[in-house]
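1. Generate coordinates for the sequence data below:
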Amino acid sequence: MQPYNIIKLLDLPDLIATDLLILDDVYVFIAKSKKKEWECPNCGSITDKVHDHRWQNIKDIPIRDNQVIIRIEKKRYCCDNCNSNPFNEDYTSFDKKPRGWNHI
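-> Prediction:
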């Protein structure tokens, strides 16, 4: 399945699906942010300086009775302008402390 089709299928407007792993009865979609730069929430300047990153797994609705997990590489950025505390990427696809997607 091509990345565009994965994004369309899962409704990921601010993420890029980079890989799909099929493990027994689980689909694991690997994703990362489309954006390379973020606005500092403290001073408003644009930064691309990555402080660190971590992986987050989010359960989605099943596809053909197979569990779906979205594995997202989330980055934290730091601002050279104001030296504020590192801040996280902000996605519209899910809540800040998600238990799942914002599917209706």
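2. Setting aside sequence neighbours, what's the nearest residue to residue 34?
-> Residue nearest to residue 34 in three dimensions, not counting chain neighbours: residue 16, with 5.4 Å by C-beta to C-beta, 6 or more residues apart in numbering. Using the backbone N, CA and C atoms, a C-beta is placed for each residue, glycine as well.
3. If the one you found is in a bridge, with which residues?
-> residue 32 (DSSP bridges).
4. Poorly predicted segments of this structure, please.
-> The chain contains residues with pLDDT under 70 at 1-9, 94-104.
5. Show me the helices in it, by range?
-> Secondary structure of the chain (DSSP state H): helices at 3-10.
6. who does the top strand by length along it touch, helix- and strand-wise?
-> Ranked by number of residues, the top strand in the chain under DSSP state E is strand 50-63. The contact analysis (3 or more C-beta pairs under 8 Å, 6 or more residues apart in numbering; DSSP states H and E) places strand 50-63 against strand 66-77.
7. and the angle for the strand it packs on with strand 50-63?
-> Taking axes from the mean of the first three to the mean of the last three C-alpha atoms, to 10 degrees, one finds strand 66-77 and strand 50-63 inclined to each other by 160 degrees.
8. one step back: wait, the residue nearest to residue 34 sits on residue 36?
-> No: Residue 16 is beyond contact range of residue 36, at 11.0 Å (criterion: C-beta atoms under 8 Å).
9. got any residues that touch both of those two?
-> Residues within reach of residue 16 and of residue 36 at once, by C-beta atoms under 8 Å, 6 or more residues apart in numbering: there are none.
10. Between the two, which has more neighbouring residues?
-> Counted by other C-beta atoms under 10 Å, residue 16 and residue 36 do not tie: residue 16 has more neighbours, with 15 against 8.
11. do you know how far that one is from residue 25?
-> Using C-beta to C-beta, to the nearest Å, residue 16 is found at 25 Å from residue 25.
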